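In: Fold the stuff below for me.
(2 chains)
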Amino acid sequence: KNQVEQSPQSLIILEGKNCTLQCNYTVSPFSNLRWYKQDTGRGPVSLTIMTFSENTKSNGRYTATLDADTKQSSLHITASQLSDSASYICVVRSGAGSYQLTFGKGTKLSVIP
Amino acid sequence: NAGVTQTPKFQVLKTGQSMTLQCAQDMNHEYMSWYRQDPGMGLRLIHYSVGAGITDQGEVPNGYNVSRSTTEDFPLRLLSAAPSQTSVYFCASSSGEIGDTEAFFGQGTRLTVV
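Out: Residues are numbered from 1 along each chain as shown, chains lettered A, B, ... in the order given. Below is the predicted model:
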């Protein structure tokens, strides 16, 4: 069964600090991996997508990495801001057919002043 | 610049009642889908559509119906509400196969069944 595990479950950091969120997956065959940001009371918004051949991709202060060999991805947030407080969801697409997505449970990040 | 619009934002139903959650998008996307989000769980796919007149079941379709008569609208019907359907519901649309193209989500409908 395809699975996506995210860690930690929750995280509290001081404004200005960096943090790294982890995503481990057992999805086969792998097609791509996407990170979403979900603000409280809102729908998820895509941050970045990683395909099999990509190791690193940046979107402003967000940098995602992918190790397809170990089936791990990370999302690194640099110089955190209060607006980064949200849940971050890792979603892996399987190449096995339509709508074959496996969602992680998310990491809830709180940035405090 | 509306994107994906869901109505209502909040709803309380009694067990056994029926209702329709509305979803409309103005981006001319062919692909639309409904998810539910429960505490401690990832988003789960209820139903999806790859174009007007075409729908299919997702992971958790029981108790829900959908139809897609236009490109813009994709309503989700609860036939006979049960407390287990208490959840936050999200509608999403994308220009292509979801996962390959960016999905745009609505703001969600928080449903409580008592």
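
In: per-residue pLDDT, the residue lying closest to B:Pro83 once chain neighbours are set aside?
Out: Computed as Cβ to Cβ, 6 or more residues apart in numbering or on different chains, the closest residue to B:Pro83 that is not its neighbour in sequence is B:Val113, at 5.0 Å. In this view, the C-beta of every residue, glycine as well, is placed from N, C-alpha and C. Looking at B:Val113, its pLDDT reads 97.

In: With A:Asn24 instead?
Out: 98.

In: so how far is chain A from B:Phe10?
Out: For B:Phe10, the distance to chain A equals 10 Å [Cβ to the nearest Cβ, to the nearest Å].

In: I'd like the distance between the nearest residue to that residue once chain neighbours are set aside and A:Tyr62.
Out: Leaving aside its chain neighbours, B:Phe10 sits nearest to B:Arg110 (5.1 Å; criterion: Cβ to Cβ, 6+ apart). The spacing between B:Arg110 and A:Tyr62, counted by Cβ to Cβ, to the nearest Å, is 28 Å.

In: Could you do A:Ser74 as well?
Out: The value you get for A:Ser74 to A:Tyr62, if Cβ to Cβ is used, is 11 Å.

In: Next: B:Gly96.
Out: Distance from B:Gly96 to A:Tyr62, by Cβ to Cβ: 23 Å.

In: Who has more neighbours out of the two?
Out: The neighbour comparison of B:Gly96 against A:Tyr62 (other Cβ atoms under 10 Å in any protein chain shown) goes to A:Tyr62, with 17 against 13.

In: Show me what that one bridges to in the sheet.
Out: Using DSSP bridges, the bridge partners assigned to A:Tyr62 are A:Asn59, A:Ile77.

In: And A:Ser94, by the same measure?
Out: Where A:Ser94 sits in a bridge, its partners, by DSSP bridges, are A:Phe30.

In: residues in contact with it?
Out: By Cβ atoms under 8 Å, 6 or more residues apart in numbering or on different chains, the contact set of A:Ser94 is A:Asn2, A:Val27, A:Ser28, A:Pro29, A:Phe30, A:Ser31, A:Gln100, A:Leu101, A:Thr102.

In: Let's see that with 6 Å instead.
Out: A:Val27, A:Ser31, A:Gln100 (Cβ atoms under 6 Å, 6 or more residues apart in numbering or on different chains).

In: if you skip the residues just before and after it, what's nearest to the last one?
Out: It refers to A:Gln100. Computed as Cβ to Cβ, 6+ apart, the closest residue to A:Gln100 that is not its neighbour in sequence is A:Ser94, at 3.9 Å.

In: can you pull the pLDDT of that neighbour?
Out: At A:Ser94, pLDDT is 89.

In: Spell out which parts of chain B neighbour chain A.
Out: B:Gly42, B:Leu43, B:Tyr48, B:Phe90, B:Ile98, B:Gly99, B:Glu102, B:Phe105, B:Gly106, B:Gln107, B:Gly108 (Cβ under 6 Å from any Cβ of the partner chain).

In: Quick one: name the residues of chain A near chain B.
Out: Counting by Cβ under 6 Å from any Cβ, chain A sits next to chain B at A:Arg42, A:Gly43, A:Pro44, A:Ser46, A:Arg93, A:Tyr99, A:Leu101, A:Phe103, A:Gly104, A:Lys105.
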